[in-house]
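Engineer: what follows is a predicted structure for the sequence shown.
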Amino acid sequence: MRPILAVGLLATLALTACSGQTSDSASTASDTASASDSTDLSYDVSGVAKVDDIAAMLPDAVAEKGTLVVGASTDYAPAEFRADDLNTAIGYDVDLAKAIGNVLGLEAEVQDGEFASLIPAIGSKYDVGISSFTITPERLENANMISYINVGSSYAVKAGNPQSFDPENVCGQTIAVQTGTYQEEELATFSDDCTAAGDEAIEVLSYARQSDATTNVVGGKAVAFYADSTVAGYAASLTNGQLEITGGIRDAAEQGIVVNKDDMELAKAVQAATQSLMDDGTWGRILDAWGVEDAALTTAELNPKA
């Protein structure tokens, strides 16, 4: 992965630190924001054309309204987060959403929401969800999922690992994580394993926003956070050397676009659009622009085995 510079999440870190965090944490995040460069690495998908045969697969209700409403938790850089204006959604998932919209002849409209609330709202508030959803058996029971990227998990700690955090011995540690993520589920399992072995449970600090998890490691409230490997690596780079990855990439798993369980017609249209973007190289170029090209999948599978 090539080195990546800081973008809009830094300002988000500063804002969240000023709301409910310690003053030390707030000043650290704010200093980070002012010290770093701002870079939008978005890939221009305006040249992606409508594919009539794929657009014809859309359900009439979606085709007629002309928009594809995409739910995303926009604080998970570099997948989906906010630009320096703290309003515009950017990231490789956002670029993908726009490209899928173009293939389908629709305008993709990315709407922000808390991560844990997204899937229940697919089919009502949102047409689809594109927000780094790891494909799991539980999610497949409740939604259609289309695979598009393969991402692992990583721990991030303060630079130099001053508390000697060991990813292979997490019992008794205080670890931050975003609510509703695969990593939160994993930490719960790890903690159960700890107590079953007679060790101390993990103190899991769950936050609605990844930016809060990041801020609380910088501020010292948590010894580490646990997140997607792409997100952890990006967070480390945008804190201007205050965080680092430890333990490498763990447990790589596919992530999927979410469509309502009862809307197979839309699911198949989105699957075909995603496959088209893989086949013509657009998806690879999007990920290359964000420095995570090795994560690309070449087959958009509908409801793959988790």
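Structural biologist: Arrived safely, thanks for sending.
Engineer: ok, now how distant is the nearest residue to residue 236 once chain neighbours are set aside from residue 131?
Structural biologist: Nearest residue to residue 236, sequence neighbours excluded (C-beta to C-beta, 6 or more residues apart in numbering): residue 243, at 4.4 Å. Any C-beta I mention is one placed from the backbone N, CA and C, and that applies to glycine too. As for residue 243, its distance to residue 131 is 22 Å (criterion: C-beta to C-beta, to the nearest Å).
Engineer: counting neighbours, go ahead and name the busier of these two.
Structural biologist: The neighbour comparison of residue 243 against residue 131 (other C-beta atoms under 10 Å) goes to residue 131, with 28 against 23.
Engineer: residues touching that one, list them.
Structural biologist: Counting by C-beta atoms under 8 Å, 6 or more residues apart in numbering, residue 131 makes contact with 71-73, 76, 79-80, 93, 115, 118.
Engineer: closest one of those residues to residue 204?
Structural biologist: Distance ranking of these against residue 204, using C-beta to C-beta, places residue 115 first at 15.5 Å.
Engineer: pLDDT value on residue 212, please?
Structural biologist: Looking at residue 212, its pLDDT stands at 94.
Engineer: what helices and strands are in contact with whichever helix or strand it is part of?
Structural biologist: Using DSSP states H and E, residue 212 sits in helix 210-218. Applying 3 or more C-beta pairs under 8 Å, 6 or more residues apart in numbering; DSSP states H and E, we find helix 210-218 packed against helix 9-17, helix 23-35, strand 143-158, strand 174-178, strand 203-207, strand 224-228, helix 229-238, strand 243-260.
Engineer: tell me the secondary structure at residue 240.
Structural biologist: coil (DSSP: H, G, I helix; E, B strand; the rest coil).
Engineer: neighbours around it, how many?
Structural biologist: Neighbour tally, residue 240, other C-beta under 10 Å: 18.
Engineer: relative to residue 218, how far out is it?
Structural biologist: Distance, residue 240 to residue 218, using C-beta to C-beta: 10 Å.
Engineer: swap in residue 290?
Structural biologist: According to C-beta to C-beta, residue 290 and residue 218 sit 22 Å apart.
Engineer: also residue 98?
Structural biologist: Counting by C-beta to C-beta, the gap from residue 98 to residue 218 is 31 Å.
Engineer: low-confidence ranges in this protein?
Structural biologist: Low-confidence segments of the chain, defined by pLDDT under 70: 1-39.
Engineer: what's the spacing between the most centrally placed residue in it and residue 238?
Structural biologist: Nearest to the geometric centre of the chain sits residue 132, at 3.9 Å (C-alpha atoms, centre = their mean). Going from residue 132 to residue 238 by C-beta to C-beta gives 17 Å.
Engineer: do the same with residue 287
Structural biologist: Going from residue 287 to residue 238 by C-beta to C-beta gives 18 Å.
Engineer: the two: who's more crowded?
Structural biologist: residue 238 (27 against 23).
Engineer: against residue 78, how distant is that one?
Structural biologist: For residue 238, the distance to residue 78 - C-beta to C-beta - is 9 Å.
Engineer: could you do residue 59 as well?
Structural biologist: 31 Å.
Engineer: quick check on the residue of the chain most remote from its centre: phi, psi?
Structural biologist: The C-alpha centroid of the chain is most remote from residue 198, which lies 34.0 Å away (C-alpha atoms, centre = their mean). Main-chain dihedrals, residue 198, degrees, to the nearest 10: phi 90, psi 10.
Engineer: how about it, what does it touch?
Structural biologist: No contacts exist for residue 198 under C-beta under 8 Å, 6+ apart.
Engineer: if I look at it, how far off is residue 164?
Structural biologist: In this view, residue 198 and residue 164 are 22 Å apart by C-beta to C-beta.
Engineer: what does residue 151 give?
Structural biologist: Distance from residue 151 to residue 164, by C-beta to C-beta: 27 Å.
Engineer: do the same with residue 75
Structural biologist: Residue 75 is 29 Å from residue 164, where distance means C-beta to C-beta.
Engineer: before we move on, what about residue 152?
Structural biologist: Residue 152 is 23 Å from residue 164, by C-beta to C-beta.
Engineer: kindly report the same for residue 255.
Structural biologist: According to C-beta to C-beta, residue 255 stands 32 Å off from residue 164.
Engineer: tell me which residues of stretch 91-109 come out buried.
Structural biologist: For stretch 91-109, a neighbour-count test (16 or more other C-beta atoms under 10 Å) marks 91-106, 108-109 as buried.
Engineer: same check on stretch 123-132?
Structural biologist: In stretch 123-132, counting by 16+ other C-beta under 10 Å, buried: 123, 126-132.
Engineer: got the CA coordinates for that stretch in PDB?
Structural biologist: Extracted as PDB, the C-alpha positions of stretch 123-132 are listed here (Å, rounded to 0.1, in the frame of the first residue of the first chain):
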ATOM      1  CA  GLY A 123     -35.400  -0.800   1.500                       C
ATOM      2  CA  SER A 124     -37.100   2.100   3.300                       C
ATOM      3  CA  LYS A 125     -34.800   5.000   3.900                       C
ATOM      4  CA  TYR A 126     -32.000   3.700   1.600                       C
ATOM      5  CA  ASP A 127     -32.100   1.700  -1.600                       C
ATOM      6  CA  VAL A 128     -28.700   0.100  -0.900                       C
ATOM      7  CA  GLY A 129     -26.000   0.200   1.700                       C
ATOM      8  CA  ILE A 130     -22.300   0.600   0.800                       C
ATOM      9  CA  SER A 131     -20.400   1.100   4.000                       C
ATOM     10  CA  SER A 132     -17.700  -1.600   4.500                       C
END
